[in-house]
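Student: model this:
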Amino acid sequence: MRVDAEKITAAKIKASGCPPTLAAASVLTELIIGRSLQEIGTLTREDVAGALGQLPPAKAHCAVLAIDALRAAMEQARH
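Tutor: Okay, here's the model as predicted:
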């Protein structure tokens, strides 16, 4: 994630896993580019799942993983 003046200017994923996990990570990059750190701090797993259209109930954790990765990236960006 590239942050310039508190705004996300670029985001990429480096992940492995099942297709829904990769899809969740990919759509998250689309959701955050152009937003501020403050704005992306409010994103939820429901936002990720909604952007995907729908996740099977057994794969709902994939959206959680994406949000967890976002929180970790935000911590790194702040330091």
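
Student: got the contact list for Leu70?
Tutor: Leu28, Ile32, Ile40, Leu43 (C-beta atoms under 8 Å, 6 or more residues apart in numbering). (Each C-beta comes from the backbone N, C-alpha and C, glycine too.)

Student: for Ser36, same thing?
Tutor: Ser36 neighbours (C-beta under 8 Å, 6+ apart): Glu6, Lys7, Ile8.

Student: filter those residues down to the buried ones.
Tutor: Lys7, Ile8 (16 or more other C-beta atoms under 10 Å).

Student: list just the nearest of the contacts of Ser36 to Thr21.
Tutor: Of all those, Thr21 sits closest to Ile8, with 20.9 Å by C-beta to C-beta.

Student: touching, that closest one and Ile33? I think so.
Tutor: Yes: between Ile8 and Ile33 there is a contact under C-beta atoms under 8 Å: 5.4 Å.

Student: returning to what we had before: and the least confident of the contacts of Ser36?
Tutor: By pLDDT, Glu6 ranks lowest within these, coming in at 85.

Student: follow-up on the earlier one: need the max-distance pair from the contacts of Leu70.
Tutor: Leu28 and Ile40 (9.1 Å).

Student: mind listing what the residue positioned nearest the centre of the chain touches?
Tutor: Compute the mean C-alpha point of the chain, and by C-alpha atoms, centre = their mean the closest residue is Leu28, 3.3 Å away. By C-beta under 8 Å, 6+ apart, Leu28 lies in contact with Ala11, Ile13, Leu43, Val48, Ala51, Ala66, Ile67, Ala69, Leu70.

Student: next step: those residues restricted to helices.
Tutor: Val48, Ala51, Ala66, Ile67, Ala69, Leu70 (DSSP state H).
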